[in-house]
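J.: Provided below for reference: sequence and predicted model.
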Amino acid sequence: MERLKNIIGPMIKHRLINYQHEAIFTNFDILKTVLYNHIDTEEGLLRDKDNMKSDGHIDTTDQLQIHYEKHREFLQKVIELEKELYEHIKIYDYVHLHRL
């Protein structure tokens, strides 16, 4: 009975860890989708606002460009974090968990 426990216990832990990894990547996918949608929506609103500016209003072109760039930088950081986690799992977790 103890031998069976020693075999099944690690298998259950391994499946749990795999499930957690999959859940993390699912959440990355959701986060990226929401970010893409948010960026498109906000940039669309800002372009519309910029197109409707009245005479005498300060030119915000440079500020908007910086804002757009910050969106892209933030999204790129999320993508890089996802890649880093994938590499971590590939290099460290699979190596240490293969015994399970």
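T.: Alright, I've got the coordinates.

J.: all helices for this structure, in order.
T.: Secondary structure of the chain (DSSP state H): helices at 2-51, 61-88, 94-97.

J.: helices and strands around the second one, which ones?
T.: Other elements packing on helix 61-88 under the criterion 3 or more C-beta pairs under 8 Å, 6 or more residues apart in numbering; DSSP states H and E are helix 2-51. Yep, even glycine has a C-beta here, placed from its N, CA and C like the rest.

J.: what helices or strands is the helix it packs on leaning on?
T.: Applying 3+ C-beta pairs under 8 Å, 6+ apart, one finds that helix 2-51 contacts helix 61-88.

J.: can you give me the buried ones in the helix it packs on?
T.: 71, 75, 82 (16 or more other C-beta atoms under 10 Å).

J.: hmm, residue 38 and the second one touching each other?
T.: If I follow you right, that is residue 75. No - the pair residue 75 / residue 38 is not scored as a contact, 9.6 Å apart, by C-beta atoms under 8 Å.

J.: what pLDDT does residue 62 get?
T.: Note for residue 62: predicted pLDDT of 83.

J.: do the same with residue 33
T.: Residue 33 is assigned a pLDDT of 96 by the prediction.

J.: what's the neighbour count on it?
T.: Residues near residue 33, counting by other C-beta atoms under 10 Å, number 10.

J.: ok, now which ones touch it?
T.: Taking C-beta atoms under 8 Å, 6 or more residues apart in numbering, we find residue 33 in contact with no residue.

J.: from residue 59, how far off is the nearest residue to residue 24 once chain neighbours are set aside?
T.: Nearest non-adjacent residue to residue 24, counting by C-beta to C-beta, 6 or more residues apart in numbering: residue 85, 6.6 Å away. As for residue 85, its distance to residue 59 is 41 Å (criterion: C-beta to C-beta, to the nearest Å).

J.: then residue 41?
T.: Distance from residue 41 to residue 59, counting by C-beta to C-beta: 23 Å.

J.: could you do residue 42 as well?
T.: The value you get for residue 42 to residue 59, if C-beta to C-beta is used, is 19 Å.
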